[in-house]
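Peer 1: Quick one: sequence plus predicted model below, questions after.
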Amino acid sequence: MSPTLPLAVEVAGARLVGRLSRLARAGGGTTLPGKLLWRLDPGALDRLAARLPLGSAVVSATNGKTTTSAMVAEILAPSVELAHNRAGANLVSGVVSALVAAPRSAELGLFEVDEAHLPEVARRLRPRAICFGNLFRDQLDRYGELEHVAERWRRAVAELPADTWVVANADDPQVGSLAEGRERALRFGLDDPRHAHERLQHAADSKYCIRCGTPYDYEAAYVGHLGDYRCPSCGHARPPLDVCARGIELDGLDGSRFTLVLPDGERPVALRLPGLYNVYNAIAAAALTHALAASGEEIVAGLERFAASFGRSERIAVGDKGLLVLLIKNPAGANEVVRTLLSAGPPAQAVIALNDAIADGQDVSWIWDVDFEPLLERLERIVVTGDRAAELALRLRYGGFTGDLEVVPELERALDRGLEQTAPGEELVLLPTYTAMLALRRIVTARGFVRPYWERAA
């Protein structure tokens with residue numbers, strides 16, 4: 001393939017590569033076509049996107065972009081044919097692969113995009129709408145400090161066409177400011193102080209005013225630094241919310257209920273996903289689809305149909321036992337998983353997996369900023385596994401865990417050990433980092449308990 005070949009020939013060649021990869025069970029069929037085409041003809045992304053009659057929508061965030069984009073897909077799919085990177089491949093190559101795999105009849109592109117790759121994707125797609133979910137400290141060895149990523153996002157927004165909708169989480173100071181000065185902007189957040197922490201958590205990231213550097217005062221801090229903030233010095237504060245969740249009721253691991261407030265009215269929502277962080281995902285999806293002209297009824301119906309994305313609050317039946325997989329990958333996300341487990345009545349045991357691959361972030365010092373302690377007080381047994389199992393075991397012992405702690409670096413053996421100690425009818429809680437989650441899922445896929453994610457995404 002080369003830039004001189006017709007686009008149809010390039011796409012046919014890339015699709016063939018993907019099919020061969022899947023037949024070989026390489027598992028790379030979701031990204032390999034895009035990697036090849038992106039390397040040989042970067043302009044193919046622009047041309048493929050231009051074929052979509054309804055344009056594209058993009059979701060980016062440190063936490064929750066996979067779940068949010070999957071919710072958006074559930075809302076829109078009954079009425080719009082999508083080109084969507086459902087398997088979660090969110091680098092530029094993953095976006096290209098999704099466009100290569102999409103049917104010619106696809107109308108709208110829906111892409112979750114890695115924070116660092118967002119500027120390049122936005123420049124090429126010129127999307128109809130972008131949802132900016134949050135910025136948390138994550139993979140500092142790859143991205144650097146939050147301010148660096150936020151500045152790149154600000155430059156990307158400045159280059160967007162005037163008619164692009166910017167949908168921004170107003171509860172995040174760095175993110176909410178992206179919508180300033182734009183005519184087409186929607187700001188979302190939570191409006192229920194009952195669920196706020198008593199004080200800002202020590203692992204909170206954006207504590208200081210983005211204008212003058214003074215520490216923010218928080219009326220409510222919901223997840224990490226997300227909340228209702230105000231600078232006591234210059235007055236910079238959370239902007240008014242266009243879309244929000246009120247009257248939130250968390251039902252442990254079974255889900256949540258809340259009132260969704262849209263510009264055109266209020267509607268009750270019953271969500272099947274647990275935790276306050278999934279309420280954030282839901283209102284992000286609601287705000288983005290509202291910008292894309294979905295009706296309130298379509299939004300609610302899609303949110304209430306939605307089930308978990310793989311590895312994110314996913315339940316898997318394993319014979320007469322169950323697995324509950326809750327992804328942890330940075331302090332803010334892990335703290336919310338701990339909070340959710342505590343609200344549901346924590347289990348007696350858990351398997352926690354810590355890897356340090358590039359996709360996880362090779363600096364694992366973040367585990368010392370996770371508030372594991374309230375959960376450790378309730379657990380009786382823990383199996384730690386993964387590339388950095390020993391460091392994780394040390395962290396848990398320093399956190400005061402005095403129960404049965406096993407270090408089993410091999411993921412498959414750790415899973416089996418956890419299942420051995422799980423009684424029939426009970427559920428084993430798995431808390432893996434990103435690549436550990438993928439590896440654990442490959443294990444249960446090979447055993448026939450779930451389908452391969454690239455088949456589910458087809």
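Peer 2: Yep, it's here. Numbering: from 1, shown residues only.
Peer 1: where along the stretch 1-150 of the chain do the strands fall?
Peer 2: Applying DSSP state E, counting those that start in this stretch to the stretch 1-150 of the chain gives strands spanning 56-60, 82-84, 108-112, 129-132.
Peer 1: could you redo the ones you listed as a markdown table and give each row mean neighbour count?
Peer 2: (Glycine included, C-beta is placed from N, CA and C.) Compiled in a markdown table, these are given as follows (neighbours: other C-beta atoms under 10 Å):
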| stretch | mean neighbour count |
| --- | --- |
| strand 56-60 | 27 |
| strand 82-84 | 23 |
| strand 108-112 | 26 |
| strand 129-132 | 28 |
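Peer 1: Could you dump those strands into a markdown table with distance to Ile248 and mean pLDDT added?
Peer 2: Below are the strands of the stretch 1-150 of the chain laid out as a markdown table (distance: least, C-beta to C-beta, whole Å; pLDDT from 0 to 100):
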| stretch | distance to Ile248 | mean pLDDT |
| --- | --- | --- |
| strand 56-60 | 22 | 98 |
| strand 82-84 | 28 | 97 |
| strand 108-112 | 24 | 98 |
| strand 129-132 | 20 | 98 |
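Peer 1: Please produce a markdown table containing the ones you listed, extended by distance to Arg378.
Peer 2: Formatted as a markdown table, the strands of the stretch 1-150 of the chain follow (distance: least, C-beta to C-beta, whole Å):
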| stretch | distance to Arg378 |
| --- | --- |
| strand 56-60 | 34 |
| strand 82-84 | 39 |
| strand 108-112 | 34 |
| strand 129-132 | 36 |
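Peer 1: for the spatially most central residue of the chain, what are its contacts?
Peer 2: Of all residues in the chain, the one closest to the mean position by C-alpha atoms, centre = their mean is Gly64, 2.2 Å from it. Shown in contact with Gly64 (C-beta atoms under 8 Å, 6 or more residues apart in numbering): Gly133, Asn134, Tyr277, Asn278, Tyr280, Asn281, Ala284.
Peer 1: what does Arg199 give?
Peer 2: Listed by C-beta under 8 Å, 6+ apart, the contact partners of Arg199 are Tyr218, Ala221.
Peer 1: That one - that's part of a strand, no?
Peer 2: No: looking at Arg199 with DSSP: H, G, I helix; E, B strand; the rest coil, it is coil, so not inside a strand.
Peer 1: Let me know the average pLDDT across the helix or strand hosting Thr259.
Peer 2: According to DSSP states H and E, Thr259 maps onto strand 256-262. Here strand 256-262 scores 98 as its mean pLDDT.
Peer 1: strands paired with it, and their directions?
Peer 2: Here strand 256-262 has these sheet partners by DSSP bridges: strand 243-250 (antiparallel), strand 265-271 (antiparallel).
Peer 1: Dump the ones you listed to JSON lines, plus mean pLDDT and mean neighbour count.
Peer 2: Converted to JSON lines, the strands paired with strand 256-262 look like this (pLDDT from 0 to 100; neighbours: other C-beta atoms under 10 Å):
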{"stretch": "strand 243-250", "mean pLDDT": "98", "mean neighbour count": "19"}
{"stretch": "strand 265-271", "mean pLDDT": "98", "mean neighbour count": "15"}
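Peer 1: any idea how far Gly94 is from Ala439?
Peer 2: Ala439 sits 19 Å away from Gly94, going by C-beta to C-beta, to the nearest Å.
Peer 1: quick one: contacts for Val444?
Peer 2: Contacts for Val444 (C-beta under 8 Å, 6+ apart) come out as Ile316, Val318, Leu323, Leu415, Val450.
Peer 1: what does stretch 71-84 contact?
Peer 2: Stretch 71-84 is contacted from outside by 52, 54, 57, 59, 69, 86, 98-99, 101-103, 105-111, 131, 281-282, 285-286, 288-289, 292, 294, 298-299, 301-303, 305-306, using C-beta under 8 Å, 6+ apart.
Peer 1: Do me a favour and get the end-to-end distance for that stretch?
Peer 2: Start-to-end span of stretch 71-84 (C-alpha to C-alpha, to the nearest Å) is 12 Å.
Peer 1: Next, the buried residues of it.
Peer 2: Applying a neighbour-count criterion of 16 or more other C-beta atoms under 10 Å, one finds Met71, Val72, Ala73, Glu74, Ile75, Leu76, Val80, Leu82, Ala83, His84 buried in stretch 71-84.
Peer 1: what's the answer for stretch 389-407, then?
Peer 2: Of the residues in stretch 389-407, Ala389, Glu391, Leu392, Ala393, Arg395, Leu396, Gly399, Phe401, Leu405, Glu406 count as buried by neighbour count, 16+ other C-beta under 10 Å.
Peer 1: from memory Gln201 sits against Val370, does it?
Peer 2: No: look at Gln201 against Val370 with C-beta atoms under 8 Å: they stay out of range, at 10.2 Å.
Peer 1: what sits in contact with each of these two?
Peer 2: Applying C-beta under 8 Å, 6+ apart, one finds that Gln201 and Val370 are jointly contacted by Asn335.
Peer 1: Could you point out which residue ranges in this structure have low pLDDT?
Peer 2: Along the chain, the parts satisfying pLDDT under 70 run over 1-30, 139-144, 202-203, 453-458.
Peer 1: 80 instead, please
Peer 2: 1-34, 38, 40, 138-145, 198-199, 201-205, 309-311, 451-458 (pLDDT under 80).
Peer 1: Just name whatever secondary elements the helix or strand in which Ile382 is found is in contact with.
Peer 2: Assessed by DSSP H and E, Ile382 sits inside strand 381-385. On a contact count with 3 or more C-beta pairs under 8 Å, 6 or more residues apart in numbering; DSSP states H and E, strand 381-385 meets strand 349-353, helix 389-398, strand 404-407, helix 411-420.
Peer 1: What strands line up against that strand, and which way round?
Peer 2: If you go by DSSP bridges, strand 381-385 pairs up with strand 349-353 (parallel), strand 404-407 (parallel).
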